[in-house]
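Asks: next one to model:
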Amino acid sequence: MRIIRSINNHAVSPVLGLVLAFAIIVGGIGVVQQFFVPVWLKNEESMHYFEVKKEFEKLDEKIIEAANYGSSVLNVYLDTNYPKYPFLITPSKASSSIKIERIGEMESSLLSRKINITAFVLEPRYHYMNVPPETMILGEYFSGGSDIGGMDLYQNGKMTLLIFESDEKTISGNAKLVLDGFGEYRVKSDAWFNISVKEGYEWYIEHLASVLSEKGLSPTVGDKWINFTVSPDTEILMYFAGSELNNSNEPAPVKYTLGSFNLTDSDGSSTTLSDGSAVTVDLTSTGDLKSSPSFYITGTTVPNAAIKVNITYDTGEGTISQSFTWYSDSNGVFQLPIVPPTAHEANSNTIANIRLTFPDGSTTDYTINFVFKNKGHERDD
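Replies: Here you go, the predicted model:
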């Protein structure tokens, strides 16, 4: 007997329909994954980058703010968190970073020691975008060695330098960079400057040579160094700031032996400071009150020491307090700028009580009595 079976076309059609529909859906997801997801995520990265760039380029303002007011804070959100899409594969996040790096040194006839030159380097890292690093040095911003804006180093007879001293570190994640600073150094004087950089930053010397040559300063240039002199009518303005150490692996305790500390003014005269004793400084110039007196406390200690500084000014009408961290250099030379508040009344005093606290807990205390004998062109006869 022969059995004849027939295929039920009504049962096969729904199965084929489901397979075809599933294939279309999978194919559609693949197309979206390959062509649309990179575009969407690249857009997210672009928005994140321009936000980070905007905050990073506030560094020069923040250093000036720290120098003028004692401290400032820069908040930078360096992590990029990617959105999630149903049925699609996306990375969870990308982490950019800011590297603080010592790239060279600066000497000047205005300074009693070498000053570290620090570079802030924004290193963007993304999955879909390739963005070059951006660097801030002494207040100017660079990308690929080209100046992209920021503060003018030398403009209209004024040279401005932002001096930032810190241990080297790399910051990532949602970063809060606390800047500690104190004062500004302002003078009109002829002065020489020597700047040297380490390997990899020769382009910065080329930049300085180009800028200074355009201003008629005729610098002397080497492969990794530049020397130049500014004229007596040039206003020189330097802002000083630093950053707290942030190292969980604390070094072994060190005894912070000290050499003599002195108070030195911009004219080069020096007064020895003694722990617990007071010195008096007459700020009266011939018939005029010095408009912006500037001094340094200089001394020797352990190299690369992070020294906490607390200064309380007593003006007779109230007190002004500042707390920050300052650093000795690689030779142990410590130089702290002191800028007393300008007197507002004739025959008045400002007393500065200064405490230096070293990492081993030892302290030194200095008292400086700044005397203002006159105001403006009034004589104190």
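Asks: make it CA atoms for all contacts and neighbour counts henceforth
Replies: Will do.
Asks: so Pro303 is in which element?
Replies: Pro303 is located outside every helix and strand, with elements delineated by DSSP states H and E.
Asks: tell me the contacts of it?
Replies: The contact partners of Pro303, by Cα atoms under 8 Å, 6 or more residues apart in numbering, come to 328-333.
Asks: got JSON lines for the residues you listed, with pLDDT and neighbour count too?
Replies: Formatted as JSON lines, the contacts of Pro303 follow (pLDDT from 0 to 100; neighbours: other Cα atoms under 10 Å):
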{"residue": "Ser328", "pLDDT": "78", "neighbour count": "23"}
{"residue": "Asp329", "pLDDT": "73", "neighbour count": "21"}
{"residue": "Ser330", "pLDDT": "66", "neighbour count": "13"}
{"residue": "Asn331", "pLDDT": "70", "neighbour count": "13"}
{"residue": "Gly332", "pLDDT": "75", "neighbour count": "17"}
{"residue": "Val333", "pLDDT": "80", "neighbour count": "20"}
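Asks: for the residue nearest to Ser270 when sequence neighbours are not counted, helix, strand, or coil?
Replies: Leaving aside its sequence neighbours, Ser270 sits nearest to Thr264 (Cα to Cα, 6 or more residues apart in numbering; 4.3 Å). Counting by DSSP: H, G, I helix; E, B strand; the rest coil, the backbone at Thr264 sits in strand.
Asks: now the contacts of Pro303 in CSV, with distance to Ile354 and secondary structure?
Replies: Shown next, in CSV, are the contacts of Pro303 (distance: Cα to Cα, whole Å; DSSP: H, G, I helix; E, B strand; the rest coil):
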residue, distance to Ile354, secondary structure
Ser328, 17, coil
Asp329, 20, coil
Ser330, 24, coil
Asn331, 23, coil
Gly332, 20, coil
Val333, 18, strand
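Asks: can I get those in TSV with distance to Lys308?
Replies: Formatted as TSV, the contacts of Pro303 follow (distance: Cα to Cα, whole Å):
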residue	distance to Lys308
Ser328	11
Asp329	15
Ser330	17
Asn331	18
Gly332	15
Val333	15
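Asks: I'd like the distance between Ile117 and Gly139.
Replies: 11 Å (Cα to Cα, to the nearest Å).
Asks: returning to what we had before: wait, isn't the residue nearest to Ser270 in contact with Val281?
Replies: No - taking Cα atoms under 8 Å as the definition, Thr264 is not a contact partner of Val281, at 10.6 Å.
Asks: the two: which is more packed in?
Replies: Ranked by neighbour count (other Cα atoms under 10 Å), Thr264 and Val281 place Thr264 first, with 20 against 17.
Asks: how about the strands of the stretch 101-250 of the chain, start to end?
Replies: Remark: strands assigned in the stretch 101-250 of the chain by DSSP state E, counting those that start in this stretch are 115-123, 134-137, 140-143, 146-150, 154-155, 158-165, 169-172, 174-188, 191-197, 220-221, 225-230, 235-243.
Asks: least reliable of these going by mean pLDDT?
Replies: Among those, strand 174-188 has the lowest mean pLDDT, at a mean of 77.
Asks: residues making contact with that one?
Replies: Taking Cα under 8 Å, 6+ apart as the rule, strand 174-188 contacts 62-63, 66-79, 232-244, 292, 294, 322-325, 337-339.
Asks: what subset of these is buried?
Replies: For these, a burial check counting by 16 or more other Cα atoms under 10 Å picks out 62-63, 66-68, 70-72, 74, 76-79, 234-236, 238-244, 294, 322-325, 337-339.
Asks: ok, now which ones touch Met129?
Replies: Applying Cα under 8 Å, 6+ apart, one finds that Met129 lies in contact with 42, 45-46.
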